[in-house]
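Colleague: what follows is a predicted structure for the sequence shown.
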Amino acid sequence: MNSLRARAHLLFGRRSHQSLAPHQHLSPAVANDLVISTVDENSGIAMLTMNRPPANSLSMEMNEAICDSIKTIEANAKIQSVILSSTNPKIFSAGLDVTELVSPDKDRLPRFWNSLQQVYIDLYGSRLATVAAIQGHAPAAGCFLAMACDYRVMSAGDINSDTKKKHVPTIGLNETQLGIAAPPWMGQLLVRTVGFRQAELALALGTLFPPEQALAVGLVDDIVPHQKAESGEDQLIDLLPSQIKDQALNPLLQRAYSQARIYAKIPPQARVASKMVTREEHIFRMIAKRDEDTQHFCGFVTQKAVQKNLSAYVEALKNKSAKK
Ligand SMILES: CCCCCCCCCCC/C=C/C(=O)SCCNC(=O)CCNC(=O)[C@H](O)C(C)(C)COP(=O)(O)OP(=O)(O)OC[C@H]1O[C@@H](n2cnc3c(N)ncnc32)[C@H](O)[C@@H]1OP(=O)(O)O
């Protein structure tokens, strides 16, 4: 891909997508079920809400839905910023759907990996300013989603008023704890976000950071205490899909919204050009090694020992949930 074509691909996407209907808001009925997109042309802000219960884990279809939603929003020239959020108040995304990795179908596995690579290309290279509203846990590829955005705000956690139990979300590339390694392009995102030494340590140890620590190392840009705000922004309320309409007073979403608004006011050509200064080369490097990366992934995941670990891990996840 020559650099001009590649730049066009990064800025405008390589697939043609249907334009949005000319109304101000995209009804959830128009969006796919796994990801709900809403747009407000007046403010130039969109919201892309992940909606794959129970944990927003990334199956091939989920990855494709994220890419489709980004491209659909990008096709609307009036939109400059997008907030990436979750319908689950406790989980942003649990990372890859681990059931995709256990006893995988040999034709589906490379397609699955390609769909994740495409999320990286489309989200990290998007012309839109992207703000991750991290309400809940974001392990492994969940952390990757957040790192592929331009700005990250994270909930400081909250206390359940009935049970008095504290919920503290965590974020990080914890792959080594599962006996797997993040692929180079994902690991490099951590290096680019928190710096070499912190990334080297966190990658080796598979560190999951609670909010204060995530802020201290620069993995997130802001943390937001969970105290209900007094009043909400009408424009934010309009943007929220019905599943989370009751979240209009959520201070995390309000903080994400105000950041999205700041971005939406920057002249877009200058903002996009400056974004590409830091990202273009990184994305090209990944695209050049895409097939090699897929082969490596499939070879690694299908190893007997890795399969044994992953089966045990999925079993443990199910048992944990069954015991609740
Ligand atoms: C050099 C190149 C090498 C190439 C090799 C590459 C190898 C691949 C590397 C790819 C990089 C990315 C990897 C990943 O993302 S792997 C996935 C990592 N994610 C996790 O480990 C998270 C697992 N989940 C949890 O820890 C918890 O669920 C969580 C903290 C997120 C929430 O806890 P909570 O107590 O609130 O919820 P439960 O644990 O009860 O879970 C609720 C239900 O959700 C299901 N679940 C959770 N996570 C996943 C998942 N990742 N995939 C599928 N399903 C998941 C869980 O089973 C419960 O479901 P049920 O209620 O139906 O039982």
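Modeller: All right, it came through fine. All values reported here derive from a predicted model rather than from experimental measurement.
Colleague: stretch 227-241 spans what distance, first to last residue?
Modeller: Start-to-end span of stretch 227-241 (CA to CA, to the nearest Å) is 21 Å.
Colleague: low-confidence stretches in the stretch 1-150 of the chain?
Modeller: Within the stretch 1-150 of the chain, the stretches with pLDDT under 70 are 1-32.
Colleague: which positions in it make contact with the ligand?
Modeller: 54-55, 57, 90-91, 94-99, 137, 139-141 (CB under 6 Å from any ligand atom). No exception for glycine: its C-beta is placed from N, CA and C like everyone else's.
Colleague: using PyMOL, make a named selection holding only the buried ones among those residues.
Modeller: Buried residues within these, by 16 or more other CB atoms under 10 Å, are selected in PyMOL with:
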select buried, resi 55+57+91+94+95+96+97+98+137+139+140+141
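Colleague: just flag the most distant two among the residues of the stretch 1-150 of the chain next to the ligand.
Modeller: Lys90 and Thr99 (20.1 Å; CB to CB).
Colleague: still on that earlier bit, in helices, which of the residues of the stretch 1-150 of the chain next to the ligand fall?
Modeller: Secondary structure from DSSP state H places Ala141 of these in helices.
Colleague: please name every helix or strand in contact with the helix or strand where Met47 lies.
Modeller: Secondary structure assignment for Met47, by DSSP states H and E: strand 45-50. On a contact count with 3 or more CB pairs under 8 Å, 6 or more residues apart in numbering; DSSP states H and E, strand 45-50 meets strand 35-40, helix 60-74, strand 81-86, helix 234-239, helix 251-264.
Colleague: out of the ones you listed, which one sits most buried?
Modeller: strand 81-86 (a mean of 27; mean count of other CB atoms under 10 Å).
Colleague: after that one, which helix or strand is next?
Modeller: helix 108-119.
Colleague: from the chain's centre, how far out is the longest helix seen in the chain? Work that out for me.
Modeller: Assignment by DSSP H gives helix 268-288 as the longest helix of the chain. Helix 268-288 sits 18 Å away from the centroid of its parent chain (CA atoms, centre = their mean, to the nearest Å).
Colleague: would you mark the buried spots in it?
Modeller: Pro268, Arg271, Val272, Lys275, Met276, Arg279, Glu280, Ile283, Phe284, Met286, Ile287.
Colleague: so that helix versus strand 81-86, what angle?
Modeller: Interaxial angle, helix 268-288 versus strand 81-86 (axes from the mean of the first three to the mean of the last three CA atoms, to 10 degrees): 50 degrees.
Colleague: name the helices or strands packed onto helix 268-288?
Modeller: Against helix 268-288 (3+ CB pairs under 8 Å, 6+ apart) you get helix 3-12, helix 184-194.
Colleague: now the last one: mean pLDDT?
Modeller: It stands for helix 184-194. For helix 184-194, the mean per-residue pLDDT is 98.
Colleague: isn't Asp150 up against Arg127?
Modeller: No. Asp150 is beyond contact range of Arg127, at 11.2 Å (criterion: CB atoms under 8 Å).
Colleague: identify the contacts common to these two.
Modeller: Counting by CB atoms under 8 Å, 6 or more residues apart in numbering, the contacts common to Asp150 and Arg127 are Lys275.
Colleague: Lys245: how many residues sit nearby?
Modeller: When neighbours are counted by other CB atoms under 10 Å, Lys245 registers 10.
Colleague: dihedrals phi and psi, it?
Modeller: As for Lys245, its main-chain torsions (degrees, to the nearest 10) stand at phi -60, psi -30.
Colleague: pLDDT score assigned to it?
Modeller: pLDDT at Lys245 comes out at 90.
Colleague: let me see the contact set for it.
Modeller: Neighbours of Lys245 in contact, by CB under 8 Å, 6+ apart: Ile237.
Colleague: repeat that for the one 10 residues further on.
Modeller: By CB under 8 Å, 6+ apart, the contact list for Arg255 reads Ala133, Val153, Asp222, Val224.
Colleague: highest neighbour count among the residues you listed?
Modeller: In the contacts of Arg255, the most neighbours by other CB under 10 Å go to Ala133, 29 neighbours.
Colleague: find the nearest non-adjacent residue to that one, please.
Modeller: Distances taken as CB to CB, 6 or more residues apart in numbering put Ala256 closest to Ala133, at 3.8 Å, once the chain neighbours are dropped.
Colleague: thought that neighbour was touching Ser81?
Modeller: No. Applying CB under 8 Å, one finds Ala256 not in contact with Ser81, separated by 9.7 Å.
Colleague: that older thread, what's whichever helix or strand comes after the longest helix of the chain packed up against?
Modeller: Heading C-terminal from helix 268-288, the first helix or strand you meet, by DSSP H and E, is helix 290-301. The elements that helix 290-301 packs onto, with contact taken as 3+ CB pairs under 8 Å, 6+ apart, are helix 108-119, helix 304-322.
Colleague: under the pLDDT cut-off, which ranges of the stretch 151-300 of the chain? List them.
Modeller: Scanning the stretch 151-300 of the chain for pLDDT under 70 picks out 228-230, 232.
Colleague: and it, which residues reach the ligand?
Modeller: So the stretch 151-300 of the chain meets the ligand at Glu175, Leu178, Ile180, Ala181, Ala182, Pro183, Met186, His296, Phe297, Phe300 (CB under 6 Å from any ligand atom).
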